[in-house]
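In: make a model of this:
(one chain, ligands or ions: 1)
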Amino acid sequence: MSTPSSDLEPTHDWSAAAFATRAIHAGQDPDPATGAVVTPIYQVSTYKQDGVGGLRGGYEYSRSGNPTRTALEEALAAVEGGARGYAFSSGLAAEDTLLRAVLRPGDHVVVPNDAYGGTYRLVAKVFGPWGIAHTPVDLTDLDAVLAAIEPGRTKVVWVETPTNPLLGVSDIAAIAAMCRAAGVLLVVDNTFATPYLQQPLALGADVVVHSTTKYIGGHSDVVGGALVVGDGAQLPIGLVGPTGTTSLADAVGFHQNSSGAVAGPFDAWLTLRGLKTLAVRMDRHCANAAAVAAFLEAHPKVTQVIYPGLASHPSHEVAARQMSGFGGMVSFRTGDAETAVAMCGRTRVFTLAESLGGVESLIEHPARMTHGSVAGTALEVPDDLVRVSVGIEGIADLIADLEQALA
Ligand SMILES: *Cc1c(COP(=O)(O)O)cnc(C)c1O
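Out: Next up is the predicted model:
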């Protein structure tokens, strides 16, 4: 397998540049063939070789490598501060590839007790029958995390912070120290925070997972996923990968090409287009979400507001330490399911829909929508809970909409 790289002309080192600069330029040099300022959509499956094995820029076949995808992968690695990025056709495809690269039958995984439903389903219903055990744990309880790690058997601790939809915040650095001591791989799903607000690799994680469908894509027009592997990250202790090394990046690269759930060129291009504006969008998402949370907290029909930026949030201090902003997701309780369901049907600016992280505001009822499949499990959510993905519209319109929907 080749290792594609944009080595047709020397690339600038963007590692010292500001986040917004990296998001716009890293991996995205003007096209070497034409000078096109934006990375073109290389809608192509195969590449002419200059003599047998004479690959231009390392490209031979687009499952193994495609220049549009390479640009996205290099940009993602740069914004997460990682060594290598890998782009997939969905967040779950990225998770599936990662878990297959690092687990073997008989292994055990610690997962959040309020993990993203699709992640839980993958671990429990797909990996379970292949001999992988799992334990759901409240990751805000560090003693519980430590107790759930079984020496020699646990190979992965899966962290999501903030979580969905209860916006639990766990201490990445503290969990990283436990994982290091036990030789366990620490995976952080950074979808909700984004690399702009939280840098898990710098806090000690080995690998970051994204559903780029959400904030990184940012416009509700593409499904995608990513893995970013930290510099020098190794496979769980005792595992040698298919290429004969213990390098996590080698194993993930091998599995990405072998399983083939890659991002297509157009999807990679849309995701890259979204990434360029991530910093400015997140600033507005955070400001609007803080205003929505403050409005809801003062509303008589709202019994509880869950937002990491509120002093009332149980992990507010951890969030303030490890995040540079509190994100665009707000959850709240209305006291009874009828009120929650009714208000979800009455908004006009907030669209009733699953998913999150786009420029437009969305509202949903987790118990009957995104989290319907986890009813009756450890991941069940209260039925009076409403979740909003606060978009970047005018804040007065958003608050007026919630006010009339609650009236
Ligand atoms: C959406 C989501 C996923 C799954 O990603 P897809 O792109 O839908 O496959 C994983 N984790 C989190 C936190 C998510 O929000």
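In: just the helices in the stretch 301-407 of the chain please.
Out: With DSSP state H, counting those that start in this stretch, the ranges of helices along the stretch 301-407 of the chain come out as 316-322, 337-344, 395-406.
In: now the chain
Out: 19-25, 67-80, 91-102, 117-121, 142-148, 172-182, 194-197, 248-259, 265-276, 278-297, 316-322, 337-344, 395-406 (DSSP state H).
In: between those, which one is nearest to the ligand?
Out: Closest approach to the ligand among the helices of the chain (Cβ to the nearest ligand atom): helix 91-102, 2.3 Å. Using the backbone N, CA and C atoms, a C-beta is placed for each residue, glycine as well.
In: run the angle between the closest one and helix 248-259 for me.
Out: Per axes from the mean of the first three to the mean of the last three Cα atoms, to 10 degrees, the angle that helix 91-102 makes with helix 248-259 is 120 degrees.
In: how far does helix 91-102 sit from its chain's centre?
Out: Its chain's C-alpha centre and that of helix 91-102 lie 13 Å apart, by Cα atoms, centre = their mean, to the nearest Å.
In: what of stretch 44-52?
Out: For stretch 44-52, the distance to the chain centre is 34 Å (Cα atoms, centre = their mean).
In: identify the residues contacting that stretch?
Out: Leu55, Arg56, Tyr59, Glu60, Tyr61, Ser62, Asn66, Pro265 (Cβ atoms under 8 Å, 6 or more residues apart in numbering).
In: report the buried members of these.
Out: Among the contacts of stretch 44-52, those classed as buried by 16 or more other Cβ atoms under 10 Å are Leu55, Tyr59, Glu60, Ser62, Asn66, Pro265.
In: just put these in a markdown table and tack on distance to His210 and pLDDT.
Out: Formatted as a markdown table, those follow (distance: Cβ to Cβ, whole Å; pLDDT from 0 to 100):
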| residue | distance to His210 | pLDDT |
| --- | --- | --- |
| Leu55 | 29 | 95 |
| Tyr59 | 24 | 97 |
| Glu60 | 27 | 96 |
| Ser62 | 21 | 98 |
| Asn66 | 19 | 98 |
| Pro265 | 19 | 98 |
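In: returning to what we had before: okay if I get the helices of the chain as TSV plus distance to Val330?
Out: TSV is the format used below for these (distance: least, Cβ to Cβ, whole Å):
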stretch	distance to Val330
helix 19-25	24
helix 67-80	24
helix 91-102	21
helix 117-121	19
helix 142-148	26
helix 172-182	22
helix 194-197	15
helix 248-259	34
helix 265-276	22
helix 278-297	5
helix 316-322	13
helix 337-344	13
helix 395-406	10
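In: how about the lowest-mean-pLDDT helix or strand in the chain: buried residues?
Out: Of all regular secondary-structure elements in the chain, judged by mean pLDDT, DSSP states H and E, the least confident is helix 117-121 with a mean of 92. Of all the residues in helix 117-121, those buried under the rule 16+ other Cβ under 10 Å are Gly117, Thr119, Tyr120, Arg121.
In: picking up where we left off before, out of the buried ones among the contacts of stretch 44-52, who's nearest the ligand?
Out: Nearest to the ligand among those: Pro265, at 17.7 Å, using Cβ to the nearest ligand atom.
In: burial measure for the residue nearest to the closest one when sequence neighbours are not counted, as a count.
Out: Spatial nearest neighbour of Pro265, chain neighbours left out: Thr68 (4.3 Å); criterion: Cβ to Cβ, 6 or more residues apart in numbering. If you count neighbours by other Cβ atoms under 10 Å, Thr68 ends up with 25.
In: same check, this time on Ala261
Out: 17.
In: contact residues of the chain facing the ligand?
Out: Counting by Cβ under 6 Å from any ligand atom, the chain comes close to the ligand at 90-92, 116, 118-119, 160, 164, 189, 191-192, 211, 213-214, 223, 225.
In: buried members of the residues you listed into ChimeraX, please.
Out: Only the buried entries of those go into this ChimeraX selection, using 16+ other Cβ under 10 Å:
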select :90,91,92,116,119,160,164,189,191,192,211,213,214,223,225
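In: just to revisit the earlier point, now for the helices of the stretch 301-407 of the chain, which one comes closest to Ala144?
Out: helix 316-322 (15.3 Å; Cβ to Cβ).
In: residues near the nearest residue to Ser62 once chain neighbours are set aside, how many?
Out: Counting by Cβ to Cβ, 6+ apart, Ser62 lies nearest to Ser45, which is 5.0 Å off, once chain neighbours are set aside. Using other Cβ under 10 Å, the number of residues around Ser45 comes to 10.
In: ok, the one 5 residues further on next?
Out: Look at Asp50: counted by other Cβ under 10 Å, it has 9 neighbours.
In: which one of the residues of the chain next to the ligand sits closest to Asp29?
Out: Gly225 (24.5 Å).
In: do I have it right that the closest one meets Ser211?
Out: Yes - in this structure Gly225 lies within contact range of Ser211 using Cβ atoms under 8 Å: 5.6 Å.
In: next, show the common contact partners of those two.
Out: With Cβ under 8 Å, 6+ apart as the test, Gly225 and Ser211 both reach Ser90, Gly91, Leu92, Ala94.
In: and the last one, what does it touch?
Out: Each residue near Ala94 by Cβ under 8 Å, 6+ apart is listed here: Tyr86, Phe88, Val209, His210, Ser211, Gly225, Ala226, Leu227, Ala261.
In: pLDDT score for it?
Out: pLDDT recorded at Ala94 is 99.
In: now Gln404: closest residue in space, sequence neighbours ignored.
Out: In this structure, Gln404 finds its nearest non-sequential neighbour in Arg346, 7.0 Å apart by Cβ to Cβ, 6+ apart.
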